[in-house]
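Participant: Attaching a predicted model along with its sequence, questions to come.
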Amino acid sequence: MILEVKNVSKSFRGLRAVKDASFELSDGEINGLIGPNGAGKTTIFNMIAGVYAPDTGSIVFEGKRIDGLRPDQVCNAGIGRTFQIVKPFAGLSVLDNVMVGAFLKERTASAARAQSVSILKKLNLEAKTNLPASSLTLPDRKRLEVARALATRPRLLLLDEVMAGLRPTETDQMVQVFRDINRAEGLTILLIEHVMRAVMALARHIGVLHHGEVIARGTPEEIVRHKAVLDCYLGEETEL
Amino acid sequence: MSRALVLLAVLAVLLAALPAVAGPYALSVATLILYFAYTGQAWNVMMGFAGQLSLGHSLYVGVGAYVAGGIFFHWGIGPWAGVWLAILACVVFGLVIGFLAFRFGISGVYFALLTIAFAEFTRIGFDHLGWTGGPGGMFLKVAQRDTWDVLNFRGPPLMYYYAMLFLAIAAFIGCFLLLKSKAGYYWQAIRENEEAAQALGINTFRWKMLAVVISSAMTAVAGVFFAFYYNNLFPEQIFHISRSIEIILGPIIGGVGTLFGPILGAAVLTLLSDGITELLAAFGWEIPGIKQVFYGVVLLAVVMFLPHGIWPALARKLRL
């Protein structure tokens, strides 16, 4: 187990966003977290990433408790994340954006630059290397989020709806990118995603969140046949 | 970048040779330009690089000046020792301000207000401090103006000019290196989006504190220069908010966050404002406050037509 989320809950002024949620991620696996809007997916992400401390429960990463740490400490522990609402460093170039991430592990600018260039290549952003990040389209901004997070060389990558707004061919490209990285580097990935095409293609295991509770866990095949999941999220007619 | 380096080298050579042709008045104007280029560079580290708006940089000029000036005045300890004490004192002030602001999440305009508040109550404090002469001021002995007494930093205006030239060049090179290093990247990330910066493993508190430390230490040195160049220090003048504004106008007009901006802004402002005063004087007019009006007009024009400052537009023209 690389990550264990145990009975975490989080409330915002009486709204219980996450209730007693538990799940584990195996080392080197790609896992999905799905559920309707407002189910608490991003809140769980933010608790893992250190934005919020859980009210109760614990989060253990590689044998160490990380709940309550600051976001930068969580990143230093080996967890990278993207933001659902992208947050590029708009005034900096695409390359400089990624270099900021690379400096976590690299001491010199030249080493950080070399690493960033290779990551941009992986994400098909090399043609935009020297453009200001503010000039990118939304799909490219999502790629930049991923590139920046990868540059910190995480062992666990949290992806918050990076496929949203992408065309089907772009989605397939992105799926391939994650597959390659997962295979080549053994990177564990947890993705929140509404694009079922991507989740089904990538995830070995899927957790379903509804009203802040984990209502189902299993392989993609099990999830699409799960009664409660069909009722609350996927719908009867789902075909994949 | 290579064209920029050539431009810079030419500029440095011209400035080094300037005293050969410049009279005393031109030399004093040039010294003033370099002084504002230097302090602007120092302020730029905090605001331009790390995005932390300080409107109270006169605090560091004043504290630096009073510390180095005070121990020279009372005990005859020269500025070579005094500058370290001045830096230490200013860094302590900076750390206190930074700690209060960054630990308790004070940012943006509220941070700017905090910096003003510190400059203001330090001014009031020095007004009541007998050791430095209170509101009556402190006067360093103007011993001699003929020979270069480098050890005590006393000498002719030429010496101060070269000292300031050295500082301005050192600040430029230092800021260039900082900007290209991890610190520069981290500061800019914090400036652009603090939350995203944190998610990339940046301890934003620590890096913002570093920006304050470097900026305040640099400004402290300017304060020491101020004390030994002007020889008289009054709390009402040195800590006044208009002094802080003077410092930040250069980089704003030249281009916040750029390396050439503070130099260009200082040159434009000082030359034009002194030029206008001279011009009016030549016609026999003396209009009090004309400099401030002029600052206002230039600032308005730049904000309207060149919102990123003069340098970015000029750099595009020169293809740098």
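Facilitator: That came in fine, so what should we check first? Predicted, not measured: the structure shown is a model, and the values here were computed from it.
Participant: So, low pLDDT: which residues of the chain?
Facilitator: All of this refers to chain A. Applying pLDDT under 70 to chain A flags the ranges A:236-240.
Participant: that's the wrong chain, I meant chain B
Facilitator: Ranges of chain B meeting pLDDT under 70: B:1, B:143-144.
Participant: now the helices for chain A?
Facilitator: Using DSSP state H, the helices of chain A run over A:41-48, A:71-77, A:94-102, A:109-122, A:138-151, A:168-185, A:196-202, A:220-224, A:227-229.
Participant: Could you list which residues are in contact with B:Arg319?
Facilitator: Listed by C-beta atoms under 8 Å, 6 or more residues apart in numbering or on different chains, the contact partners of B:Arg319 are B:Arg3. All C-beta spots, glycine's among them, are computed from the backbone N, C-alpha and C.
Participant: any idea how far it is from chain A?
Facilitator: To chain A, B:Arg319 is 15 Å away according to C-beta to the nearest C-beta, to the nearest Å.
Participant: One more: B:Phe49?
Facilitator: 12 Å.
Participant: so what's that residue up against?
Facilitator: Contact partners of B:Phe49, counting by C-beta under 8 Å, 6+ apart, are B:175, B:178-179, B:184, B:187-188, B:191, B:211, B:257.
Participant: Most neighbours of all those residues, which one?
Facilitator: Within those, most neighbours by other C-beta atoms under 10 Å in any protein chain shown means B:Trp187, with 29 neighbours.
Participant: who does the residue nearest the centre of chain A bridge with?
Facilitator: The residue lying closest to the centre of chain A (C-alpha atoms, centre = their mean) is A:Leu159, at 1.5 Å. When bridges are called by DSSP bridges, A:Leu159 pairs up with A:Leu191.
Participant: got the helices of chain A as JSON lines, with mean neighbour count and distance to chain B columns?
Facilitator: Putting these into JSON lines (neighbours: other C-beta atoms under 10 Å in any protein chain shown; distance: least, C-beta to the nearest C-beta, whole Å) gives the following:
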{"stretch": "helix A:41-48", "mean neighbour count": "24", "distance to chain B": "10"}
{"stretch": "helix A:71-77", "mean neighbour count": "21", "distance to chain B": "4"}
{"stretch": "helix A:94-102", "mean neighbour count": "28", "distance to chain B": "4"}
{"stretch": "helix A:109-122", "mean neighbour count": "17", "distance to chain B": "6"}
{"stretch": "helix A:138-151", "mean neighbour count": "24", "distance to chain B": "6"}
{"stretch": "helix A:168-185", "mean neighbour count": "15", "distance to chain B": "18"}
{"stretch": "helix A:196-202", "mean neighbour count": "20", "distance to chain B": "22"}
{"stretch": "helix A:220-224", "mean neighbour count": "17", "distance to chain B": "29"}
{"stretch": "helix A:227-229", "mean neighbour count": "14", "distance to chain B": "30"}
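Participant: Spatially nearest residue to A:Ile59, not counting backbone neighbours?
Facilitator: A:Asp67 (4.2 Å; C-beta to C-beta, 6 or more residues apart in numbering or on different chains).
Participant: Next, give phi and psi for the one you found.
Facilitator: phi -70, psi 140 (degrees, to the nearest 10).
Participant: Chain A contacts on the stretch 101-250 of chain B?
Facilitator: Applying C-beta under 8 Å from any C-beta of the partner chain, we find that the stretch 101-250 of chain B lies next to chain A at B:180-182, B:185-186, B:188-189, B:191-193, B:195-204.
Participant: circling back: touching, the residue nearest to A:Ile59 and A:Asp55? I think so.
Facilitator: No. The pair A:Asp67 / A:Asp55 is not scored as a contact, 10.2 Å apart, by C-beta atoms under 8 Å.
Participant: These two: which is more packed in?
Facilitator: Comparing A:Asp67 with A:Asp55 by other C-beta under 10 Å, the one with more neighbours is A:Asp67, at 20 against 14.
Participant: Spit out the contact partners of the more buried one.
Facilitator: A:8, A:47, A:53-54, A:57-59.
Participant: just B:Asp127 next, same as before
Facilitator: B:134-135, B:235-236.
Participant: Please pick the buried ones from these.
Facilitator: B:Pro235 (16 or more other C-beta atoms under 10 Å in any protein chain shown).
Participant: from the contacts of B:Asp127, which is closest to B:Ala117?
Facilitator: B:Ala117 has its nearest neighbour among the contacts of B:Asp127 in B:Pro235, at 15.5 Å by C-beta to C-beta.
Participant: so how many other residues sit close to the residue lying closest to that closest one once chain neighbours are set aside?
Facilitator: The shortest distance from B:Pro235 to any non-neighbouring residue, by C-beta to C-beta, 6+ apart, is to B:Phe126 (3.8 Å). Burial of B:Phe126 is recorded as 23 neighbouring residues (other C-beta under 10 Å).
Participant: same thing with B:Val213?
Facilitator: Neighbours of B:Val213 (other C-beta under 10 Å): 19.
Participant: Next, give phi and psi for it.
Facilitator: Dihedral angles for B:Val213 - degrees, to the nearest 10 - are phi -60, psi -50.
Participant: Quick check: it vs A:Asp180, distance?
Facilitator: 43 Å (C-beta to C-beta, to the nearest Å).
Participant: Name the residues of stretch B:182-196 that are buried.
Facilitator: B:182-194, B:196.
Participant: what's it in contact with?
Facilitator: By C-beta under 8 Å, 6+ apart, the list of residues contacting stretch B:182-196 reads A:71, A:83, A:87-92, A:96, A:99-100, A:103, A:107, A:109, A:112, A:148, B:45, B:49-51, B:178, B:197, B:200, B:202, B:204, B:207-208, B:210-211, B:257.
Participant: and stretch A:15-22, which residues are buried?
Facilitator: A:17-19, A:21.
Participant: circling back to that earlier point, hmm, which of the contacts of A:Asp67 are the buried ones?
Facilitator: Listed as buried from the contacts of A:Asp67 are A:8, A:47, A:54, A:57, A:59; burial here means 16+ other C-beta under 10 Å.
Participant: sorry, back to before: can you list the helices of chain A in CSV and add distance to B:Arg316?
Facilitator: Compiled in CSV, the helices of chain A are given as follows (distance: least, C-beta to C-beta, whole Å):
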stretch, distance to B:Arg316
helix A:41-48, 41
helix A:71-77, 36
helix A:94-102, 19
helix A:109-122, 24
helix A:138-151, 24
helix A:168-185, 33
helix A:196-202, 42
helix A:220-224, 52
helix A:227-229, 56
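Participant: tell me which element the closest residue to B:Gly51 other than its chain neighbours is part of?
Facilitator: Distances taken as C-beta to C-beta, 6+ apart put B:Arg191 closest to B:Gly51, at 3.0 Å, once the chain neighbours are dropped. According to DSSP states H and E, B:Arg191 maps onto helix B:182-192.
Participant: Centre of the chain to the very next helix or strand once past that helix, how far?
Facilitator: Later in the chain than helix B:182-192, the nearest helix or strand by DSSP H and E is helix B:194-199. Relative to its parent chain, helix B:194-199 has a centroid offset of 29 Å by C-alpha atoms, centre = their mean, to the nearest Å.
Participant: what do you get for stretch B:59-74?
Facilitator: From the chain centre to the centre of stretch B:59-74 is a distance of 16 Å (C-alpha atoms, centre = their mean).
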